[in-house]
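Student: here's a sequence, model it:
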Amino acid sequence: MKLRTTALLLAILPSLSAEVRDLKAFYRERCQVCHGTDGSGRGPGGAKLGGRNLADARWLARQEEGALVVSILKGRGAMPGFGRQVSEAEARHLLATIVRPPAQRKNR
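Tutor: Numbering: from 1, shown residues only. Prediction:
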């Protein structure tokens, strides 16, 4: 079973790097306005709409991945849902590659 899982991961890895590049653009276009370039919540719309500080390592560590994915897909508070623009898998990659890394760096 482990070999099968490894083979599956190796088969999809090339597509993930292209997907991650697109997700970086997605973050810049859709999320950065409120969450800021560094995830701090200090984007132009962040102060007005209460953009969450995604770079807060303590807050982020307490959040379940599934709940964050639902927030991305369905929205939360003033944040619109992006379920029509990204899939659940893409939302998970967005969290793993763009949202969580700044908080992890601050936690060190």
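
Student: can you show me the strands along the protein?
Tutor: 75-76, 79-80 (DSSP state E).

Student: pairing partners for the first one, with directions?
Tutor: Neighbouring strands of strand 75-76 in its sheet, by DSSP bridges, are strand 79-80 (antiparallel).

Student: report the distance from the partner strand to the chain centre.
Tutor: Centroid separation between strand 79-80 and its chain, computed with Cα atoms, centre = their mean, to the nearest Å, is 14 Å.

Student: low-confidence ranges, the chain, go.
Tutor: Along the chain, segments meeting pLDDT under 70 span 1-21, 102-108.

Student: run the last query once more with 50
Tutor: 1-18 (pLDDT under 50).

Student: in this structure Gly36 contacts Ala47, no?
Tutor: No. Between Gly36 and Ala47 there is no contact, the gap being 10.0 Å when judged by Cβ atoms under 8 Å. No exception for glycine: its C-beta is placed from N, CA and C like everyone else's.

Student: which of these two has more neighbours?
Tutor: Each of Gly36 and Ala47 has its neighbours counted (other Cβ atoms under 10 Å); Gly36 has more, 21 against 12.

Student: which residues of the protein fall in helices?
Tutor: 2-26, 32-35, 46-49, 57-62, 65-74, 88-94, 100-107 (DSSP state H).

Student: give me the helices and strands touching the fourth one, please.
Tutor: Packed against helix 57-62 by the contact rule (3 or more Cβ pairs under 8 Å, 6 or more residues apart in numbering; DSSP states H and E) you find helix 100-107.

Student: Arg52 contacts Gly43, doesn't it?
Tutor: No. Here Arg52 does not reach Gly43: they are 10.8 Å apart, not a contact under Cβ under 8 Å.

Student: shared neighbours, these two?
Tutor: His35 (Cβ atoms under 8 Å, 6 or more residues apart in numbering).

Student: before we move on, the earlier item: for the strands of the chain, give me TSV that also has distance to Lys24 and mean neighbour count.
Tutor: Output for these, formatted as TSV (distance: least, Cβ to Cβ, whole Å; neighbours: other Cβ atoms under 10 Å):
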stretch	distance to Lys24	mean neighbour count
strand 75-76	21	13
strand 79-80	19	15
